[in-house]
Each structure stands twice: as structure tokens, then as C-alpha cells.
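Undergrad: compute the structure for the input listed below.
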Amino acid sequence: MELSGDSYTYSLPEGYVSLTFDDGPSSYTEQLVDILVKEGIAANFLFIGVNASRNPGAVRYADEHGMPVGSHSWDHSDMTANSAEENRINLERASRSLEQLTAAPVTIFRPPYGAVNSGLAEVADRQQLNILLWNRDPEDWKASGPKDILDYFKKSEPSGGIYLLHEKQKTLQALPEIIAYLKGQGLKFAVFE
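TA: Down below sits the predicted model:
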């Protein structure tokens, strides 16, 4: 799916769903990718630059297995509190580190905490980064276990959903059942560019 720079919130057409993973790369990245590949689907991975510098192999692994890689900033700070120059440096540093590992331009940016204002949007736009937010949040980072995450998917209307997920063990454990549930609903999986 193509993103345009004129909006911060997105939804997908009826019949489509998208899984997105924030805060990596982590020790779970490759396992998440393996599950997605096994199931024949792709998901967007929004990586933090400083984490990518510590775990470059995981970034390459996601990219080499067809997962679109985007930026989640250099350091996961609330960028709405930064100056335009601080944000310019932060985004450039994150994009540069990811592009060196993937040999592809970074075109997607997810602001940490979903915090975005016009100043940050302008900086992102000047760097040709499209902002990707979400419209479904299972809050997997604070779930007590995989069942809580799966229950969210079953209780929300998945069609048109852009799901915010994180690279956590409980999310990894829930992922096969999440995918099976979404496939069972007859949904098509989309990624963003």
C-alpha cells in the first residue's frame, strides 16, 4: 500500500489487514520473520536506529526475507519535544543506519509513542519519510500473556486494521494463532511502502 504525506492516520480497504512491529531489532526479530515467511505473509518492521546499530544482522535478516524496514527514530524519544534540527539529525541518523544495512531507501517513519506535530511532520516530509500510525492497538507490551493479545484480535473488527505490535516474547508466542485467525477471516495481508 502506498502512503501519502497528507495524513497521519490510515486505514486499509475492507478485506485487508496489516501487522507492524515496533521497537526492534531484538532477539525476537528473526523468529518473528521466520513465522511470517512460513505463513507466506509480510509485515512492516519499524526499527530504532540505536537498536539496529547493536543488532545489524537482524535488520539484514528482515530485509533479506522481504519484510519492509522503516524507521522508528534513532532513540525512541518523544520527538515532539525536540527542535526541528534535533529531529532532522535524529531521523537522518536512523535512516542512514538502516539504509546501510538494507541497501534500500527508508520511506516509512513511525513516531515514537505515535507523538507527531506539524514540526515533526515537516522534517519527516523533507526527508521523504511517510508517517505510518495505526488504528488497532492490542497493547501487547503490557499484556499478561499471549492469550490476552489473541483475545484483542478476536474482539476487534480486524478488516481494515493496521495493528501495532512489539517485538516481545508473548507477541512471538501469539503470532501463529493471530495469523491463523486473520487468515480464517478471509483477510489479505498488506504492507506499506
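
Undergrad: what ranges does the protein have for its helices?
TA: Using DSSP state H, the helices of the chain run over residues 29-38, 49-54, 56-64, 84-102, 118-126, 146-155, 169-184.

Undergrad: adding mean neighbour count, write those helices out as JSON lines.
TA: C-beta: built from backbone N, CA, C; applies to glycine. Below are those laid out as JSON lines (neighbours: other C-beta atoms under 10 Å):
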{"stretch": "helix 29-38", "mean neighbour count": "18"}
{"stretch": "helix 49-54", "mean neighbour count": "19"}
{"stretch": "helix 56-64", "mean neighbour count": "18"}
{"stretch": "helix 84-102", "mean neighbour count": "18"}
{"stretch": "helix 118-126", "mean neighbour count": "17"}
{"stretch": "helix 146-155", "mean neighbour count": "16"}
{"stretch": "helix 169-184", "mean neighbour count": "18"}
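
Undergrad: can you redo the ones you listed as a markdown table with mean pLDDT and distance to Ser71?
TA: A markdown table is the format used below for those (pLDDT from 0 to 100; distance: least, C-beta to C-beta, whole Å):
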| stretch | mean pLDDT | distance to Ser71 |
| --- | --- | --- |
| helix 29-38 | 98 | 15 |
| helix 49-54 | 97 | 7 |
| helix 56-64 | 98 | 11 |
| helix 84-102 | 97 | 4 |
| helix 118-126 | 95 | 9 |
| helix 146-155 | 97 | 25 |
| helix 169-184 | 98 | 20 |
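
Undergrad: so can I have TSV of those helices showing distance to Ala190?
TA: Converted to TSV, the helices of the chain look like this (distance: least, C-beta to C-beta, whole Å):
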stretch	distance to Ala190
helix 29-38	13
helix 49-54	24
helix 56-64	17
helix 84-102	20
helix 118-126	21
helix 146-155	16
helix 169-184	11
